[in-house]
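J.: pasting the sequence and the predicted model now:
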Number of protein chains: 2
Amino acid sequence: MLDKASFMKNNNDTELNLSCPIPKSDYDKILLAHGGGGTLSHQLLNKLIFPQFDNEILSQHSDSAVFSIDGKKYAFTTDSYVVQPVFFPGGDIGSLAVNGTINDLCVSGAEPLYLSASFIIEEGFLLEDFWRIILSMKKSCEKAGVKIITGDTKVVDKGKGDKIFINTSGIGLIEEGINISPKNCRLGDFIIINGRIAEHGIAILSAREGLEFSTTIKSDTAPLNSLVKKMFNVSKNIHCMRDPTRGGVSSTLNEIALESQIGILIEEEKIPVSEEAKGACEILGFDPLYIANEGKMIAFVSPSDAERVVNEMKKHDYGKESVIIGRVTEENPGTVLIRTKIGTKRVLDMLSGEQLPRIC
Amino acid sequence: MLDKASFMKNNNDTELNLSCPIPKSDYDKILLAHGGGGTLSHQLLNKLIFPQFDNEILSQHSDSAVFSIDGKKYAFTTDSYVVQPVFFPGGDIGSLAVNGTINDLCVSGAEPLYLSASFIIEEGFLLEDFWRIILSMKKSCEKAGVKIITGDTKVVDKGKGDKIFINTSGIGLIEEGINISPKNCRLGDFIIINGRIAEHGIAILSAREGLEFSTTIKSDTAPLNSLVKKMFNVSKNIHCMRDPTRGGVSSTLNEIALESQIGILIEEEKIPVSEEAKGACEILGFDPLYIANEGKMIAFVSPSDAERVVNEMKKHDYGKESVIIGRVTEENPGTVLIRTKIGTKRVLDMLSGEQLPRIC
């Protein structure tokens, strides 16, 4: 094994001696929460990664990077899926990897075209299970009308991975006139969600722990591209969209509030949560607003168009329970408030620390 | 944990009951060799993956997928890097991940534009080491003139990963008139390589095992996009290019011979190998032709242009030792022959089984 001194000598590289911007006194090791989508994830991105790779596209900090070639706008995104267990009620790591990347593209306003699929498999993983994942990915691609056009397969020694990790990256095309960004959120915009929250996270956790409600709560994993297309058909005043995955609705709304410096007010009683999910959250001590979703999207839409958009969404399989859950306010820019069922308001923070690791 | 029966029930899906095309009597588990780039890797691709995701772009089976939008040709590629150790003489997993994906794009004839970077980090990985990898990626991007515009970070529990895995995907633009494919190889084409082989693989192995030649042999990891650009400047008759990574020069030539159904004859004495690498291979019992490279490319060029291309390559830092190592023959289509130093010919097979796991 090469030690650090000889690495430095070998690479003879003073540039690599820049000191780390996060002091050792904060922490010196990567923690599970660095991958949780909350405060520590954002710290890693904002202090270590973004400043080094800084460029005008990355600095949009969007679900997908948007770039132009010859006046045409494209979206490009990547995600590695490390969900555990790899098979769970309602889906598996394969459908999740396909749907998740499709959703990152479509909430950026892009029509998903092509995906890549890259597998890191642990030695000894059952071939039959790998085969089942491949079939599931195929089915998900067909459902969404996208193609996997390139890929890679790596195998790591037993005990150096965890069954299978899948990276999918995706390319989409953004039609002229569509411009989706937190920066476009406007005072008065209505905030829409396409259905019940928290089901993916609860499904994963219950599968992992063998809990009883594992038979009733299924992951909501689904490709949202055809739903988003329907929304654009009836409105050009959709300003911002995002899928509330890691960190849940709460972290997603906080990201948008921070990036756009708008205030957000959410009505607790409007937020769709099934009785089963609510019950599971109570037993487990979780707040559904912080639980990951994999078939949900939040849209910020002009008040003039919001009702029309919701009505259109309700016609779609993945939007039947679409509802307006809040709006953009003048007060408290950068902050998300929730009006509780009893009428009081409280601040809804970003997820801090780790709630559910390896949820996607 | 969810068992298979309840998964099937939950997903209520007969499509997922298709039986695996590789019989259990062959093997029922993923082996390290499935990721080695040799025969078993190809079997996994050809039997399990390609038939399911079949489409006209994927079926090119190229280093990058090539697709067209509005008459413009793009290349799209992905690779997950799982190299062990993550720091090695001449580079690290970060520079490898950037250079490797750049090279997959440029050997497809594309100018690399944008990369994604997705990290799977094991809990407990030193923040300082992660920081060093970020700096190294930044430097590699600057050297090659490409930008990382999107990314993802996941953390897995300690013992469920191995320090860090990095996926990079990339998008490139293919200029009009450039058409690179094994199918374009023609009888008489000269085969060019841009320098000494086997150094990446030996560097990794020696770092891993703490062998003595670890101080003298460094990985050749390098971005080849500016070299390839120079080649296109002097010739439009470059028919096929590929980077001989996993499985080495031998596996790459076999892939090309198989896909294009041409015969290949290589001259052993022309193949550039340093004395150090040769010595290391002898001690370790390896054939340099099967060892991975990370800064090498093989090009098939018209006889009329080959010398001009080689002369141009020699002016470039990564092409100083460029040389013609063989040619396309009429005999033995689909097969690679090597003429040994004593004048005899023998078949050069694709790597079978596993030579060096986790080399990239």
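T.: Yes, it's here.
J.: next, give phi and psi for the closest residue to A:Asp243 other than its chain neighbours.
T.: With C-beta to C-beta, 6 or more residues apart in numbering or on different chains as the criterion, A:Asp243 has its nearest non-adjacent residue at 4.6 Å, and that residue is A:Asn103. No exception for glycine: its C-beta is placed from N, CA and C like everyone else's. For A:Asn103, the backbone dihedrals are phi -70, psi -40 (criterion: degrees, to the nearest 10).
J.: list the contacts for A:Asn103?
T.: A:223-225, A:243, A:294-295, A:297 (C-beta atoms under 8 Å, 6 or more residues apart in numbering or on different chains).
J.: tell me the secondary structure at A:Pro244.
T.: Under the three-state scheme (DSSP: H, G, I helix; E, B strand; the rest coil), A:Pro244 adopts coil.
J.: check contacts around it.
T.: Residues in contact with A:Pro244 (C-beta under 8 Å, 6+ apart) are A:193, A:197, A:251-253, A:292-293, A:296-298.
J.: so how far is chain B from it?
T.: When distance is defined by C-beta to the nearest C-beta, to the nearest Å, A:Pro244 is 16 Å away from chain B.
J.: got the phi and psi for the closest residue to that residue other than its chain neighbours?
T.: In space, A:Pro244 comes closest to A:Thr252 once its chain neighbours are excluded; the distance is 4.0 Å by C-beta to C-beta, 6+ apart. Recorded main-chain torsions at A:Thr252 are phi -60, psi -50, according to degrees, to the nearest 10.
J.: quick one: pLDDT of A:Thr252?
T.: pLDDT, the model's per-residue confidence, is 95 for A:Thr252.
J.: what number of residues lie near it?
T.: A:Thr252 sits with 26 neighbouring residues when counted by other C-beta atoms under 10 Å in any protein chain shown.
J.: residue contacts, it?
T.: A:242-245, A:298.
J.: if we can go back for a sec, which single one of the contacts of A:Asn103 is nearest to chain B?
T.: Taking C-beta to the nearest C-beta as the measure, A:Asp243 is the one of the contacts of A:Asn103 closest to chain B, at 13.4 Å.
J.: quick one: the closest one and A:Ala292 touch, right?
T.: No - shown here, A:Asp243 and A:Ala292 do not form a contact pair, counting by C-beta atoms under 8 Å, at 9.8 Å.
J.: out of these two, which sits in the more crowded spot?
T.: Per other C-beta under 10 Å, whichever of A:Asp243 and A:Ala292 has more neighbours is A:Ala292, with 32 against 23.
J.: thinking the more buried one is in contact with A:Cys360, fair?
T.: Yes - with contact defined as C-beta under 8 Å, A:Ala292 counts as touching A:Cys360 (6.1 Å).
J.: which of the contacts of A:Asn103 sit farthest apart?
T.: Taking C-beta to C-beta, the two most distant members of the contacts of A:Asn103 are A:Asn225 and A:Glu294; they sit 14.0 Å apart.
J.: check the residue of the stretch 51-200 of chain A found nearest chain B and give its pLDDT.
T.: In the stretch 51-200 of chain A, the residue that lies nearest chain B is A:Val155 (3.1 Å; C-beta to the nearest C-beta). Looking at A:Val155, its pLDDT reads 96.
J.: A:Ile30 too?
T.: Predicted confidence (pLDDT) for A:Ile30: 95.
J.: now do the contacts for it.
T.: Contact partners of A:Ile30, counting by C-beta under 8 Å, 6+ apart, are B:121-127, B:130, B:155.
J.: can we see that at 6 Å?
T.: Contacts here follow C-beta atoms under 6 Å, 6 or more residues apart in numbering or on different chains; on that basis A:Ile30 touches B:121, B:125, B:155.
J.: mind showing which ranges of chain A have poor pLDDT?
T.: Counting by pLDDT under 70, chain A contains low-confidence residues at A:1-17, A:212-215, A:353-355.
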